[in-house]
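Trainee: No sequence on hand, only this structure:
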């Protein structure tokens, strides 16, 4: 027999370290919290505009920061309004 296989009356079962369990619980809690935060942030995203009036309102909101894109949006919305009016 080798010394590694002899127990001399003490238990061969090793108790898990308490620090590891706490770290695991903390990591699990952090991941769950981050997932909830991510889902909440995704739910706050605005939906894309579906009609010409919504596109015009969107163009008005972004005109100060992106005037070229706002002009393109307005032109597309006006073309859509003309087509639907015919």
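Mentor: Structure's in. What do you need? Since the structure is predicted, the reported quantities are computational estimates derived from the model, not experimental observations.
Trainee: got the contact list for residue 49?
Mentor: Residues near residue 49 by CB atoms under 8 Å, 6 or more residues apart in numbering: 55, 57-58. To be clear about C-beta, it is placed using only N, CA and C from the backbone, and glycine gets the same treatment.
Trainee: how much space between the most centrally placed residue in the chain and residue 44?
Mentor: Nearest residue to the geometric centre of the chain (CA atoms, centre = their mean): residue 38, 3.3 Å. Going from residue 38 to residue 44 by CB to CB, to the nearest Å gives 11 Å.
Trainee: before we move on, what about residue 51?
Mentor: From residue 51 to residue 44 the distance is 22 Å (CB to CB).
Trainee: Comparing the two, which residue is more hemmed in?
Mentor: Between residue 51 and residue 44, residue 51 has the larger neighbour count (other CB atoms under 10 Å), namely 12 against 6.
Trainee: what comes up buried for the helix or strand containing residue 69?
Mentor: Following DSSP states H and E, the helix or strand that holds residue 69 is helix 67-85. By neighbour count with 16 or more other CB atoms under 10 Å, helix 67-85 contains the buried residues 70, 73-74, 77.
Trainee: Now render those residues as TSV, adding pLDDT and distance to residue 23.
Mentor: Putting the buried residues of helix 67-85 into TSV (pLDDT from 0 to 100; distance: CB to CB, whole Å) gives the following:
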residue	pLDDT	distance to residue 23
70	94	51
73	93	51
74	94	55
77	93	55
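Trainee: Sketch out the low-pLDDT regions of this protein for me.
Mentor: By pLDDT under 70, the low-scoring segments of the chain are 1-16, 46, 86.
Trainee: What about residue 60, how many residues nearby?
Mentor: That count, for residue 60 with other CB under 10 Å as the rule, works out to 12.
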